[in-house]
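1. Compute the structure for the input listed below.
(chains A and B)
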2 protein chains.
Amino acid sequence: MINTTHTKTALSELGEFGLIRHLTENIVLINESTLKGVGDDCAVLDFKNKKIVVTTDLLTEGVHFNLMYVPLRHLGYKAVTVNLSDVYAMNATPRQITVSIAVSAKMSVEALDELYSGIYLACERYGVDLVGGDTTSSLTGLTISVTAIGEADEEDLVYRNGAKNTDLLCVTGDLGGAYMGLQLLERENEVFKVNPQMSPQFTGYDYILERQLKPEARKDMPGVFRELGVKPTSMIDISDGLSSEILHLCTESGVGCRLYEDRLLYDNQTKKMAAELNINPLVAALNGGEDYELLFTIPVADHGKILNHPDISVIGHITDKSEGVNLITAGAGQSIPLQAQGWNHLKD
Amino acid sequence: MINTTHTKTALSELGEFGLIRHLTENIVLINESTLKGVGDDCAVLDFKNKKIVVTTDLLTEGVHFNLMYVPLRHLGYKAVTVNLSDVYAMNATPRQITVSIAVSAKMSVEALDELYSGIYLACERYGVDLVGGDTTSSLTGLTISVTAIGEADEEDLVYRNGAKNTDLLCVTGDLGGAYMGLQLLERENEVFKVNPQMSPQFTGYDYILERQLKPEARKDMPGVFRELGVKPTSMIDISDGLSSEILHLCTESGVGCRLYEDRLLYDNQTKKMAAELNINPLVAALNGGEDYELLFTIPVADHGKILNHPDISVIGHITDKSEGVNLITAGAGQSIPLQAQGWNHLKD
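-> Residues are numbered from 1 along each chain as shown, chains lettered A, B, ... in the order given. Now for the predicted structure:
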């Protein structure tokens, strides 16, 4: 079937209040801490004796996503998971989110339903309640603002500023995949713009595409740390690229660091795509960003506890501040100062 | 001095992290419940045995504000106060906000400083801490997302759904001013577009301009209710216009209502501007919106307690649901069903 008829309902047919009702009427609250969700001036929450963590992200069309190749359902899912990632990076458990969107009046109700289907799927998988938000129009592109709220016992919270000299620097999973997925999507989008008849060539690259389009947050790690009997001394999630995150941890903790190039793990698809595009996967890991893995430090005495965990790699160690923050290259063992790249949205 | 030299620093000179540091480095946290503010993956809060309320708003250029006539400092102030208004509408006290902004790379650091000076002024006046946010770029206009977090004892919380038959319908302050201020600003902006040499004619309209550009939230009311020994049975803030808010209260509470036209209060400037523009001030009150006064219901037995309060007017009473939600006109005493207008952003 090529010419499927898609129903398109104008947002103005529902109006603002009708649209909010339409998007939120099937919410079932699952967390005990959610006393009142959508539908009043505020949501009402109760965390009893727990500490509360709050984080927020704003995503704008053309800067954080390109609707030419990002499906709306994936976008909704990703908008939630990247926020939850910040909660896990505190070693906390997310419980609620609020989601605000500004949309062009030309967008259809069905398109918004797609977006929200991804948002609700993420809520379900991560066990969080959508408790509020704002729905408004935009004269131009789509903007999504997500705020996540979580809880933790005070003694479990992990900040960025606790890394100590001799601590091991560790990371979960593999790196650089999301960036290589983005390169692939952008290459195929360019091909499509020149010749819309060409089908995109995505075969064999499902993993890196998923890393880019539908990333998962490390929901498992607070539990893993508990089981292993390890409490990180510092932690951050990798949203802007490893370089930038290591520099954050080191700056906040007042320490230096040695990162070993040969300890970084890449998925085979990341390596293959990098070779095809003549990009060093190290660059993807250091500066690419959006891997949403956790970067953390542990006391060297805890090395044995994490040694056999399949999802944790030791990639370096903390040093005195005077030694600086350096990458030790794989071959020659050269020491090169790390530089923060991160996203550079603010250039003209 | 006509040709004052204004320094303009490009955002790219600071970069994302430099900009965040620049905008947040002078924050002094004032609330006991704020354990950790800006600077980690999440803010960390502690409300002990209090309940927590959360609300969020998204403001977009061209829809919620026009930078042709809205000073950035006022815009920052208003973005915060309209959010706090939702917290007061729960009879709660705001404690923290997060602020995310998406800005064109062409905006200067000095312009953002103006915006944040308004945000910080509101934080100071309302006693809230700025604890987090996100700063990113937009390919088009300015977008501001604010989330406010507050606290209340459970027994003090007031929802939208508690209004009962025979309750009195009350409102704080005067209505329609913000809408008339907007009409004035738009009129003068049209004049300016035709002839940029003309000075805008704002003399004698300072109150309605301030209602539009720099509205205050009813910070005083939780304390007033406590002092008077009155707990509203339902409450909402007036952001979309009185009609729409009355309908929200009545729908959520499953009741009807009689609103008396002759009980509505207007400021003299509102009446004067309305006469000049040939607009009925009733229309400004019912459908204009942005007054950020509180609309609430109290048991009829509490009438005596509020009778002499200069900031509270009784404007109607709650009826059985079967009677509907009606305006009783001033002259003829006709009964006219209220209709929700509110903002209609979603029309093409």
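
2. Please read off the pLDDT at the residue nearest the centre of chain A from the model.
-> Central residue of chain A (C-alpha atoms, centre = their mean): A:V82, 3.0 Å from the mean position. Per-residue confidence (pLDDT) for A:V82: 97.

3. which residues sit in contact with it?
-> Residues near A:V82 by C-beta atoms under 8 Å, 6 or more residues apart in numbering or on different chains: A:57, A:146, A:215, A:217, A:239, A:290, A:292. For glycine as for every other residue, the C-beta is placed from the backbone atoms N, C-alpha and C.

4. shouldn't the first one be in contact with B:D134?
-> The reference is to A:D57. Yes - between A:D57 and B:D134 there is a contact under C-beta atoms under 8 Å: 5.1 Å.

5. shared neighbours, the two?
-> With C-beta under 8 Å, 6+ apart as the test, A:D57 and B:D134 both reach B:S100.

6. which non-adjacent residue is nearest A:V38?
-> A:T24 (4.6 Å; C-beta to C-beta, 6 or more residues apart in numbering or on different chains).

7. Can you read off the pLDDT for that neighbour?
-> 94.

8. And for it, the neighbour number?
-> Using other C-beta atoms under 10 Å in any protein chain shown, A:T24 has 19 neighbouring residues.

9. Thought A:V131 was touching it, still the case?
-> No - using C-beta under 8 Å as the test, A:T24 is too far from A:V131 to be in contact (9.8 Å).

10. Find residues that contact each of the two.
-> Joint contacts of A:T24 and A:V131 (C-beta under 8 Å, 6+ apart) are A:V38.

11. What strands flank the helix or strand where A:G132 lies, and is each parallel or antiparallel?
-> If you go by DSSP states H and E, A:G132 is part of strand A:129-137. Next to strand A:129-137 in the sheet, as set by DSSP bridges, lie strand A:93-103 (parallel).

12. excluding its backbone neighbours, what's nearest A:T140?
-> Per C-beta to C-beta, 6+ apart, closest to A:T140 is B:T140, 4.0 Å.

13. Could you check how many residues crowd around the one you found?
-> 18.

14. which residues sit in contact with it?
-> Residues counted as contacts of B:T140 (C-beta under 8 Å, 6+ apart) are A:139-141, B:61, B:104.

15. Break down the stretch 101-250 of chain A into its strands, ranges please.
-> With strands called from DSSP state E, counting those that start in this stretch, the stretch 101-250 of chain A shows them at A:129-137, A:143-152, A:168-172, A:234-237.

16. How much space separates A:T34 from chain B?
-> Distance of A:T34 to chain B, computed by C-beta to the nearest C-beta, to the nearest Å: 10 Å.

17. what sits against the spatially closest residue to A:A122 that is not a sequence neighbour?
-> Take A:A122 and drop its neighbours on the chain: the residue closest to it by C-beta to C-beta, 6+ apart is A:V80, 3.7 Å away. Neighbouring residues of A:V80 by C-beta under 8 Å, 6+ apart: A:97, A:99, A:118-119, A:122-123, A:126, A:128, A:146, A:148.

18. quick one, phi/psi of A:K8?
-> Here is the backbone geometry of A:K8 (degrees, to the nearest 10): phi -130, psi 120.

19. mind listing what it touches?
-> Counted by C-beta under 8 Å, 6+ apart, A:K8 has contacts A:108-110.

20. Mind putting the residues you listed into JSON lines with distance to chain B, pLDDT and neighbour count?
-> Listed next are the contacts of A:K8 as JSON lines, based on distance: C-beta to the nearest C-beta, whole Å; pLDDT from 0 to 100; neighbours: other C-beta atoms under 10 Å in any protein chain shown:
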{"residue": "A:S108", "distance to chain B": "11", "pLDDT": "91", "neighbour count": "16"}
{"residue": "A:V109", "distance to chain B": "10", "pLDDT": "93", "neighbour count": "18"}
{"residue": "A:E110", "distance to chain B": "15", "pLDDT": "94", "neighbour count": "12"}
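
21. Among those, which lie within helices?
-> Within the contacts of A:K8, residues falling in helices by DSSP state H are A:109-110.

22. domain assignment for chain A?
-> A:14-155, A:168-337 (automatic domain parsing).

23. can you list contacts of stretch A:269-279?
-> A:174-177, A:180-181, A:183-184, A:187, A:204-208, A:266, A:280-281, A:284.

24. ok, of those residues, which come out buried?
-> Buried positions within those, assessed by neighbour count (16 or more other C-beta atoms under 10 Å in any protein chain shown), are A:174-177, A:180-181, A:183-184, A:205, A:207-208, A:266, A:281, A:284.

25. Return the distance of A:K8 relative to chain B.
-> According to C-beta to the nearest C-beta, A:K8 stands 13 Å off from chain B.

26. How about A:L112?
-> 11 Å.

27. Then A:E216?
-> 17 Å.

28. Give me the neighbour count for that residue.
-> Neighbours of A:E216 using other C-beta under 10 Å come to 19.

29. can you check A:P200 too?
-> Neighbours of A:P200 using other C-beta under 10 Å come to 13.

30. What residues does it make contact with?
-> Contact partners of A:P200, counting by C-beta under 8 Å, 6+ apart, are A:188, A:191-192.

31. on that earlier part again, ranking the contacts of A:V80 by neighbours, who comes first?
-> Using other C-beta under 10 Å as the neighbour criterion, A:V146 leads these with 31 neighbours.

32. Okay, and the beta partners of that residue?
-> A:D57, A:V99.

33. so A:Y205 makes contact with A:G181?
-> Yes - contact criterion C-beta under 8 Å: A:Y205 and A:G181 qualify, at 7.3 Å.

34. how long is stretch A:293-312 end to end?
-> Terminal residues of stretch A:293-312 are spaced 10 Å apart (C-alpha to C-alpha, to the nearest Å).

35. tell me the contacts of A:E290?
-> A:82, A:178-179, A:182, A:211-212, A:215, A:239.

36. change it to 6 Å
-> Residues in contact with A:E290 (C-beta atoms under 6 Å, 6 or more residues apart in numbering or on different chains) are A:A178.

37. what about it, which SS state?
-> coil (DSSP: H, G, I helix; E, B strand; the rest coil).

38. any idea how far it lies from chain B?
-> 14 Å.

39. How far off centre is stretch A:187-201?
-> 27 Å (C-alpha atoms, centre = their mean, to the nearest Å).

40. Now do that stretch, average pLDDT.
-> For stretch A:187-201, mean pLDDT rounds to 87.

41. how long is that stretch end to end?
-> End to end - C-alpha to C-alpha - stretch A:187-201 spans 10 Å.

42. So the residue nearest to the centre of chain A, which state does it fall into?
-> A:V82 ends up helix, using three-state DSSP.

43. Likewise for the one 5 residues further on?
-> Secondary structure for A:V87, judged by three-state DSSP, is helix.

44. Measure how buried it is and give me the count.
-> Neighbours of A:V87 (other C-beta under 10 Å): 29.

45. Give me every residue in the stretch 101-250 of chain A that's in contact range of chain B.
-> Proximity of the stretch 101-250 of chain A to chain B, by C-beta under 6 Å from any C-beta of the partner chain, involves residues A:102, A:105, A:132, A:134, A:136-140, A:143, A:145, A:147, A:159-160.
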